[in-house]
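Participant: Next one to model:
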Amino acid sequence: MTNQLNDCVSWLMSHTVREHVPLYTSMDIRVHHDRYVVVDTNLFPAGFNNIHPSDYPGVSSAFLNWLTQYAPKAQSILIVCEENTRNAFYLSHLHTLGTLLESAGFSVRMATFLSNQPGTPDKPGFCHDADHAIFHTDTGFPIQLWCLNHVLKEVAQGHYHADLAILNNDLSDGLPFMLHHLSTPMYPSPLLGWYQRKKSDHFDAFHRVVTALNNAHQLPVNWFSCAHTVCDHVDITEANDRERLAESIRQIQAISGCKVVFVKHDAGTYGMGVMAMSGGDDMVTLNRKGRNRLGTGKGGQAIHRYLVQEGVASTLTHNGRAAEWVVVNVGTQLVGAFLRVNDQKSELDNLNATGMGFVPMALSDIAPDVRQRLELAALIGIKAVCDEWQAVKGGNEWVL
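Facilitator: Okay, the predicted model is just below:
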């Protein structure tokens, strides 16, 4: 078994175009006995604060190795982050990410749009009157976020220079016009934001990778992949459209034999627009509250396209709570792992919901066979992202 998995790792490394490997990724992995199934791949991860501190040196080293290879002259980094300034845990992630990059020898500045958020100090028009604001993480550390439009002015005036920008904003609301004026090389590319990336495209690519591994090394496809389909042009308030979704649910259950099916926003994030269904009838009879929950994504966006995905019942628990793995990668290297746990949810539920918590796990403390499967699952996801990127960039001139 170990030799087979090692052969799969070697195959992936030799078939992955290194220049297309993303700077960083994270994957949500559901465990069902021998299955380690990637159910989500994030290109703008927000969990560096959940990595075990013993793995911090390895994270800094991985960033240094990646950036030395792909941005060898880089010394100054601009992180373009979310406007999630009220989420103290996201701020803690940013603080950790910045600290790890600084430990690798880079100078770091963080900026966001700070555009139309009510409250203090990020009230509407805040960035017209000030250039930055101080916020605090969940553990009380101060963090300074710059107004991106002010940073652009400084760049234009020659008062600030960044050798590269790291995008940590998923661009669910679209590609901001001001990013067109940022001449600094940016990783990952804004072209991979949720305004045009689709989960279903990723999992189509993912399935092709595991099928190739099955052909080359007889790796069972369902060890790392799950059944999925997509349903488009949906108005969740319309009975006919809910019936179409119900048919997709029945199709996935017929293929996989799963007890539940996850219906997800096909271009979504933050655990929004996600619901577990025990069968097609659950969708047909969905009440108003459920329709509102499933029909609205991040920023209040209406959802009209859904990924319908086999529900993998988690056999992984931590202190009696349902759990799933989250792994964090820099380039092709697994640099951290932690458990998402939720004592309000069962093994069949979406754990990325109210009641969740995180348990940092030192990589050195993870059993070798478990770590090997986590690493292989992550590499499959990274290879799938590389294939997505090749398809997305096509002949577009704005590629990085």
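
Participant: domains for this structure, by residue range?
Facilitator: Following the assignment in automatic domain parsing, the chain carries domains at 2-43+314-389, 52-192, 229-309.

Participant: Strands of the stretch 101-250 of the chain, start to end?
Facilitator: For the stretch 101-250 of the chain, the strands defined by DSSP state E, counting those that start in this stretch cover 107-112, 132-136, 142-147, 164-168, 186-187, 228-231.

Participant: sorry, back to before: and the domains of the chain: which comes nearest A205?
Facilitator: Distances from A205 to each of the domains of the chain were compared by CB to CB, and the smallest falls on domain 2-43+314-389, at 4.0 Å. C-beta here means a position set from N, CA and C on the backbone, and glycine is covered the same way.

Participant: so how far is the first residue of that closest one from its last?
Facilitator: According to CA to CA, to the nearest Å, domain 2-43+314-389 extends 30 Å from its N-terminal end residue to its C-terminal end residue.

Participant: Tell me who's in contact with A71.
Facilitator: With CB atoms under 8 Å, 6 or more residues apart in numbering as the criterion, the residues that contact A71 are D163, L164, P185, Y187.

Participant: most packed of the strands of the stretch 101-250 of the chain?
Facilitator: Among those, ranked by average contacts under mean count of other CB atoms under 10 Å, first place goes to strand 164-168 (a mean of 22).

Participant: name the helices or strands packed onto that one?
Facilitator: When contacts are defined as 3 or more CB pairs under 8 Å, 6 or more residues apart in numbering; DSSP states H and E, strand 164-168 packs onto strand 76-81, helix 88-103, strand 186-187.

Participant: Pick the most deeply packed of the ones you listed.
Facilitator: Buried most deeply of those, by mean count of other CB under 10 Å, is strand 76-81, with a mean of 23.

Participant: Describe which strands that one pairs with in its sheet and in which direction.
Facilitator: strand 107-112 (parallel), strand 164-168 (parallel) (DSSP bridges).

Participant: looking at those, which is closest to K153?
Facilitator: Closest among the strands paired with strand 76-81, using CB to CB: strand 107-112, at 11.5 Å.

Participant: Run the angle between the closest one and strand 132-136 for me.
Facilitator: When axes from the mean of the first three to the mean of the last three CA atoms, to 10 degrees is applied, the directions of strand 107-112 and strand 132-136 differ by 100 degrees.

Participant: ok, and what's touching strand 107-112?
Facilitator: For strand 107-112, using CB under 8 Å, 6+ apart, the contacting residues are 75-83, 85, 94, 98, 101-102, 143-148, 150-151, 160, 162, 169.

Participant: What confidence value was assigned to the spatially most central residue of the chain?
Facilitator: When CA atoms, centre = their mean is applied to the chain, the residue found nearest the centroid is N42 (1.6 Å). The model reports N42 with a pLDDT of 95.

Participant: any idea what sits nearest it, other than its immediate chain neighbours?
Facilitator: Spatially, and ignoring its direct neighbours in sequence, N42 is nearest to S26 (4.6 Å; CB to CB, 6 or more residues apart in numbering).

Participant: swap in G357?
Facilitator: Nearest non-adjacent residue to G357, counting by CB to CB, 6+ apart: V341, 5.4 Å away.

Participant: Surely L100 and S61 touch.
Facilitator: No - between L100 and S61 there is no contact under CB atoms under 8 Å: 9.7 Å.

Participant: From D204, how far out is E388?
Facilitator: E388 sits at a distance of 9 Å from D204 (criterion: CB to CB, to the nearest Å).

Participant: quick one: terminal-to-terminal distance for stretch 212-232?
Facilitator: From the first residue to the last, stretch 212-232 extends over 28 Å; the measure is CA to CA.

Participant: what is the rounded mean pLDDT of it?
Facilitator: Taken as a whole, stretch 212-232 has an average pLDDT of 95.

Participant: Now do the buried residues in that stretch.
Facilitator: Of the residues in stretch 212-232, those with enough neighbours to count as buried (16 or more other CB atoms under 10 Å) are 212-214, 219, 222-231.
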